[in-house]
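Participant: only geometry, no sequence info:
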């Protein structure tokens, strides 16, 4: 692999890694929202019961 | 726009972005010819320039939403402007990193302080990075919304300066590809660049809709928690 090819691969990989990182962050956010929603549903159930 | 339409728009944008980015990647690596001077490393152009133009587009979109907030006073534009700045900052980081990689292989240095184009882009990036400090130093409410909007609007002035700096520069180490005579590249290179630019803009639009949806859900959850507490 030539030096030019290595730098080219690095530039493309940086963008790919950024998109992948963003995807992981979104997945973590969705998990957090699911937990929060569960908490709110529990609160709403308690309200309705009592 | 209804939640259903928003979700479907985000899904359609994501599919289009995936297809265009893959097509652009294929064209750039397999079809576009190598540059006679720079060789294969010139192909960084197909990722660096679209990413930079997308960062400008995001900051421009943030300023437009900020203007709408100040003009119409509608609160929803605050979140939209903030999300656009968020996206612009991500693409700004990618512009600086891919630009540095290209600079290293072309000029032999990671950064050149004598290049106005680079320094002005860095100033633009730092200006919008400071947006978050301003935003989170104020309590949520109309004051924070107005201050953030004014700040986002001021930053947009830097975009044409940064964009035109390359044409005003005397050093001209940074290559000039788009001149008054049109793009200085072959038709196949220009077509590849257009596909890559379309892919990057669509990717930014998809990320923007997903991020905005997430932020809106966060807000609604906060409101619900306050109501149920």
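Facilitator: On my side now, so go ahead. Everything numeric here is computed off the predicted structure, so don't read it as measured data.
Participant: tell me which parts of chain B are close to chain A?
Facilitator: B:25, B:38-41, B:43-44, B:47-48, B:51, B:90, B:93-94, B:97-98, B:101-102, B:104-105, B:203, B:207, B:210, B:214, B:217-218, B:221, B:224-225, B:228-229 (C-beta under 8 Å from any C-beta of the partner chain). Quick note: C-beta positions are derived from backbone N, CA and C, even for glycine.
Participant: wait, residue B:192 sits on residue B:31?
Facilitator: Yes. Between residue B:192 and residue B:31 a contact is recorded at 6.6 Å, counting by C-beta atoms under 8 Å.
Participant: just want to know which of those two has more residues nearby.
Facilitator: Comparing residue B:192 with residue B:31 by other C-beta atoms under 10 Å in any protein chain shown, the one with more neighbours is residue B:192, at 26 against 12.
Participant: residues in contact with the more buried one?
Facilitator: By C-beta atoms under 8 Å, 6 or more residues apart in numbering or on different chains, the contact set of residue B:192 is B:24, B:27, B:28, B:31, B:32, B:46.
Participant: ok, the first one - how many residues close by?
Facilitator: Neighbouring residues of residue B:24 were enumerated by other C-beta under 10 Å; the total is 23.
Participant: what do you get for residue B:25?
Facilitator: Neighbourhood size, residue B:25 [other C-beta under 10 Å]: 19.
Participant: repeat that for residue B:73.
Facilitator: 11.
Participant: does the spatially most central residue of chain B count as helix, strand or coil?
Facilitator: Nearest to the mean C-alpha position of chain B, by C-alpha atoms, centre = their mean, lies residue B:55 at 1.6 Å. Secondary structure, DSSP: H, G, I helix; E, B strand; the rest coil: residue B:55 is helix.
Participant: then residue B:185 would be within a helix, right?
Facilitator: No. Secondary structure assignment places residue B:185 outside any helix; it is coil (three-state DSSP).
Participant: what about the residue nearest to it when sequence neighbours are not counted, distance to residue B:191?
Facilitator: Using C-beta to C-beta, 6 or more residues apart in numbering or on different chains and skipping the chain neighbours, the partner closest in space to residue B:185 is residue B:177 (6.3 Å). Applying C-beta to C-beta, to the nearest Å, the value for residue B:177 to residue B:191 is 14 Å.
Participant: stretch B:61-71: how far from the chain's middle?
Facilitator: Centre-to-centre, stretch B:61-71 and its host chain are 16 Å apart (C-alpha atoms, centre = their mean, to the nearest Å).
Participant: how about that stretch: buried residues?
Facilitator: B:61, B:62, B:63, B:64, B:65, B:66, B:67, B:68, B:69, B:70 (16 or more other C-beta atoms under 10 Å in any protein chain shown).
Participant: with those in mind, which one is nearest to residue B:196?
Facilitator: Nearest to residue B:196 among the buried residues of stretch B:61-71: residue B:61, at 19.5 Å, using C-beta to C-beta.
Participant: count of neighbours near the residue lying closest to residue A:37 once chain neighbours are set aside?
Facilitator: The spatially closest residue to residue A:37, leaving aside those adjacent along the chain, is residue B:221, at 7.1 Å (C-beta to C-beta, 6+ apart). For residue B:221, the neighbour count with other C-beta under 10 Å is 16.
Participant: quick one: residue B:221 and residue A:33 touch, right?
Facilitator: Yes. Residue B:221 lies in contact with residue A:33 (C-beta under 8 Å); the separation is 7.0 Å.
Participant: now do the phi/psi pair for residue B:185.
Facilitator: Reported as degrees, to the nearest 10, the phi and psi values for residue B:185 are phi -160, psi 170.
Participant: which strand or helix spans the closest residue to residue B:146 other than its chain neighbours?
Facilitator: Among residues not flanking residue B:146 along the chain, residue B:70 sits closest, at 6.8 Å (C-beta to C-beta, 6+ apart). When elements are assigned from DSSP states H and E, residue B:70 belongs to helix B:45-72.
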